[in-house]
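> Show me the folded form of this:
(2 chains)
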Number of protein chains: 2
Amino acid sequence: MSTPHPRLSMNQGTIKHSTLDEALGAVAGGGYESIGLWREPVHDVGLAEAARRLTASGLRFSTLCRGGFFTMGEGPARRAQLDDNRRAIEETATLASAGAPGSAAVYVLVAGGLPEGSRDLIGARSRVQDALAELAPEAEAAGVTMAIEPLHPMFASDRCVVTTLKQALDLAEPFDPSVVGVTVDTFHIWWDPEVLPQIARAGASGRIATYQVCDWKTPLPANVLNSRHYPGDGVIDFATLTRAVEAAGYAGDVEVEIFNDDVFATPFDEVVARTAETFGAAVAPHLAATPAPAPARA
Amino acid sequence: MSTPHPRLSMNQGTIKHSTLDEALGAVAGGGYESIGLWREPVHDVGLAEAARRLTASGLRFSTLCRGGFFTMGEGPARRAQLDDNRRAIEETATLASAGAPGSAAVYVLVAGGLPEGSRDLIGARSRVQDALAELAPEAEAAGVTMAIEPLHPMFASDRCVVTTLKQALDLAEPFDPSVVGVTVDTFHIWWDPEVLPQIARAGASGRIATYQVCDWKTPLPANVLNSRHYPGDGVIDFATLTRAVEAAGYAGDVEVEIFNDDVFATPFDEVVARTAETFGAAVAPHLAATPAPAPARA
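Model prediction:
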């Protein structure tokens, strides 16, 4: 087994059924330097304990997944959701401090779909903008970057009304780039005719908060949510997209986030090894030859 | 049963398993004034005979579906596909002449996906542009408008590398709008943050060659190709989109094109009636109150 690329980060969503300890163990044991965590396994042990275990692992922390889901109208449900996002901002700050040097205080946001019974995409999007405005001062105070993730348009109704990188950047525009950035995930945006100029725009405005990779392949499985594949197993042009992200100035960790029922059913250490191998073949050759990542945040 | 809206056209894809006679009979019998035909049932009886039967039905002809699929590189397969498109242009001209006054000589084009083994979206798109350039003089000579249809991005790899209305309009731009226009299909573009300005742009340049409606709903079925629904059964905002298309100056027939296994298994006359009913409730109220459609082509 070759050494994983130094900028490769395992997003815990790829080893979905892992506890925090299992994830840290498998990823550090696999020779990775970085990990992106999901909130639920952190909550299972408590934030302070999670931070200690992350520090003990020696891994960098690349993102916390995930929050958002704030397209509903004003009311108790919206208040509860915004409060949950506030907690996630604090979790992100704590975990970024606990990770090894070079950790990024990045919190991934998925906007949310159309509220039940609604057809008002424009209204839903404006409530995303409102939520960002409400959370931005708190993210700034915590030193956290909120990374808006455009999802593939097949999720536009039930998961994320933000469907293009351009739209995510438009939503981010009113805020300082250290506070509101974007998630560039190949699976969600590879099809977009505007993807290259929008990656360049994201880089020019300093808003690429995280770069995530996995592949697209058809036919899609019955549950399209879990239709992601190892880099190189599908049709995404990682050479062009990765070079564009590099040319745009992104120098942080690169996460592999694969939702796939077969991958979920595979032992964690096998997934960790296969991820490093496919990343090494399909993505790493297109990364700038930096010895170690620059910190995404000072 | 109320009278179907005078601008409603049944796309034969909705009654997929119908012969030409069955389709003409069910649609005319259901009180419609217009139909969009698929090529295979026309071929089954031969073009001249199909034209006679269309004339006898008294229906207008709104589109011929469909052609395109020309993303492959140069070679015999590409030549054969371009020749097939040439035949479709002639079929469209013949059927438009055979339909009742107000028929449209519109031929719907789906670009095609990535060629087997290719990851080169940009190259595939440039070969679509090349194919349009090759076919345009022949379409012009035949008096036929080729209507580029952007498909939902979930089909970008295996069916259509053209995924947004903006992209379709960019491809159409070099050509006269009477020769290359676009298909505005709600199912494919409802999610697009740019959809309203791009509809306005399409109208301003006279390129809305056909307007097609059906609805989007999740969860998607195992075969996402057949995930379309009757207007009003899902989340698409037909009021906003239809008013935008009207405001952009489109005055032609409006097709309902639903691919759905349950609809395919329903008797044709029931589908015809339910389509008229749902169109009447969800779409028709947002159409301009014109007594009869203006011909899309002189």
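
> now the helix or strand containing A:Arg274: mean pLDDT?
A:Arg274 is part of helix A:268-282 when elements are defined by DSSP states H and E. Taken as a whole, helix A:268-282 has a mean pLDDT of 98.

> Can you give the distance of that helix from its chain's centre?
With Cα atoms, centre = their mean, to the nearest Å as the basis, the distance from the averaged C-alpha position of helix A:268-282 to the chain average is 18 Å.

> Just confirm yes or no for that helix near chain B.
No: contact between helix A:268-282 and chain B is absent, the nearest approach being 10.2 Å (criterion: Cβ under 8 Å from any Cβ of the partner chain). For the C-beta atoms, the positions are set from N, CA and C on the backbone; glycine is no exception.

> Show me what that helix is in contact with.
A:1-2, A:4-5, A:8, A:10, A:14-15, A:18, A:22-23, A:26-27, A:29-32, A:213, A:215, A:230-233, A:238, A:254, A:256, A:258, A:263, A:266 (Cβ atoms under 8 Å, 6 or more residues apart in numbering or on different chains).

> can we see that at 6 Å?
Helix A:268-282 has contacts (Cβ atoms under 6 Å, 6 or more residues apart in numbering or on different chains) with A:1, A:4-5, A:8, A:15, A:18, A:22, A:26-27, A:30, A:230-232, A:238, A:256, A:263.

> Now it: buried residues?
Of the residues in helix A:268-282, those buried by neighbour count under the rule 16 or more other Cβ atoms under 10 Å in any protein chain shown are A:268, A:271-280, A:282.

> So which bits of the stretch 151-298 of chain A are right by chain B?
Applying the criterion Cβ under 6 Å from any Cβ of the partner chain, the portion of the stretch 151-298 of chain A that neighbours chain B consists of A:153-154, A:156-158, A:163, A:167, A:191, A:193, A:218, A:220, A:222, A:224, A:235, A:237.

> In helices, which of those residues appear?
Cross-referencing these with the helices (criterion: DSSP state H) gives A:Gln167 as the overlap.

> now, among the residues of the stretch 151-298 of chain A next to chain B, which is nearest to A:Gly67?
Distance ranking of these against A:Gly67, using Cβ to Cβ, places A:Asp158 first at 17.2 Å.

> check contacts around the closest one.
Contact analysis of A:Asp158 by Cβ under 6 Å, 6+ apart lists A:113, B:218.

> mind running it again at 10 Å?
By Cβ atoms under 10 Å, 6 or more residues apart in numbering or on different chains, the contact list for A:Asp158 reads A:112-114, A:225, B:217-220, B:235.

> for A:Leu165, same thing?
By Cβ under 10 Å, 6+ apart, the contact set of A:Leu165 is A:148-150, A:182-185, A:188-189, A:192, A:194-199, A:201-202, A:207-208.

> Let's check: the centremost residue of chain A is which one?
Compute the mean C-alpha point of chain A, and by Cα atoms, centre = their mean the closest residue is A:Val108, 5.1 Å away.

> quick one: average pLDDT of the helix or strand hosting that residue?
A:Val108 is part of strand A:106-110 when elements are defined by DSSP H and E. If you average the pLDDT over strand A:106-110, you get 98.

> And stretch A:166-177, by the same measure?
When pLDDT is averaged along stretch A:166-177, the result is 98.

> Alpha carbons only: can I get it in CSV?
Coordinates of the C-alpha atoms in stretch A:166-177 are reproduced here as CSV (Å, rounded to 0.1, in the frame of the first residue of the first chain):
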residue,chain,number,x,y,z
LYS,A,166,-22.9,30.3,-9.3
GLN,A,167,-25.9,30.4,-7.1
ALA,A,168,-23.9,29.5,-4.0
LEU,A,169,-21.4,32.3,-4.8
ASP,A,170,-24.2,34.8,-5.3
LEU,A,171,-25.6,33.8,-1.9
ALA,A,172,-22.1,34.2,-0.4
GLU,A,173,-21.3,37.5,-2.1
PRO,A,174,-22.6,39.9,0.7
PHE,A,175,-20.3,38.3,3.3
ASP,A,176,-16.6,38.3,4.0
PRO,A,177,-15.1,35.2,2.3
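
> and that stretch, which residues are buried?
A:166-169, A:171-172, A:175, A:177.

> what do you get for stretch A:116-128?
Of all the residues in stretch A:116-128, those buried under the rule 16+ other Cβ under 10 Å are A:118-121, A:124-125, A:127-128.

> Over to stretch A:211-231?
Within stretch A:211-231, the residues that qualify as buried by neighbour count (16+ other Cβ under 10 Å) are A:211-218, A:220, A:224-231.

> what do you get for stretch A:236-255?
When burial is assessed from 16+ other Cβ under 10 Å, stretch A:236-255 yields the following buried residues: A:236-238, A:240-246, A:248, A:250-255.

> Just the CA atoms of it, as PDB, please.
The C-alpha coordinates for stretch A:236-255 follow below in PDB (Å, rounded to 0.1, in the frame of the first residue of the first chain):
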ATOM      1  CA  ILE A 236     -16.200  12.900 -14.000                       C
ATOM      2  CA  ASP A 237     -13.200  14.700 -15.500                       C
ATOM      3  CA  PHE A 238     -11.100  15.000 -12.300                       C
ATOM      4  CA  ALA A 239      -8.100  16.300 -14.300                       C
ATOM      5  CA  THR A 240      -9.900  19.400 -15.500                       C
ATOM      6  CA  LEU A 241     -11.900  20.100 -12.300                       C
ATOM      7  CA  THR A 242      -8.900  19.600 -10.000                       C
ATOM      8  CA  ARG A 243      -6.600  21.700 -12.100                       C
ATOM      9  CA  ALA A 244      -9.200  24.400 -12.100                       C
ATOM     10  CA  VAL A 245      -9.600  24.300  -8.300                       C
ATOM     11  CA  GLU A 246      -5.800  24.400  -7.900                       C
ATOM     12  CA  ALA A 247      -5.400  27.200 -10.400                       C
ATOM     13  CA  ALA A 248      -8.100  29.100  -8.400                       C
ATOM     14  CA  GLY A 249      -5.700  29.100  -5.500                       C
ATOM     15  CA  TYR A 250      -7.200  26.400  -3.300                       C
ATOM     16  CA  ALA A 251      -4.400  24.800  -1.200                       C
ATOM     17  CA  GLY A 252      -6.300  22.900   1.500                       C
ATOM     18  CA  ASP A 253      -7.200  19.300   2.100                       C
ATOM     19  CA  VAL A 254      -9.300  17.400  -0.500                       C
ATOM     20  CA  GLU A 255     -12.000  15.300   1.000                       C
END
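
> now it: how far from the chain's centre is it?
Its chain's C-alpha centre lies 14 Å from the corresponding centre of stretch A:236-255 when counted by Cα atoms, centre = their mean.

> Quickly list what A:Arg228 is bridged to.
Under the criterion DSSP bridges, A:Arg228 forms beta bridges with A:Trp216.

> From the centre of chain A, point out the most distant residue.
Going by Cα atoms, centre = their mean, the residue of chain A most distant from its centre is A:Gly117, 28.8 Å out.

> Check what pLDDT that residue gets.
Among the per-residue scores, A:Gly117 holds a pLDDT of 95.

> who's in contact with it?
Neighbouring residues of A:Gly117 by Cβ under 10 Å, 6+ apart: B:Val235.

> Can you list phi and psi of it for me?
Dihedral angles phi and psi of A:Gly117 (degrees, to the nearest 10) take the values phi 80, psi 0.

> As a check, name the ranges of all strands in the stretch 51-200 of chain A.
For the stretch 51-200 of chain A, strands defined by DSSP state E, counting those that start in this stretch occupy the ranges A:60-68, A:106-110, A:145-148, A:180-185.
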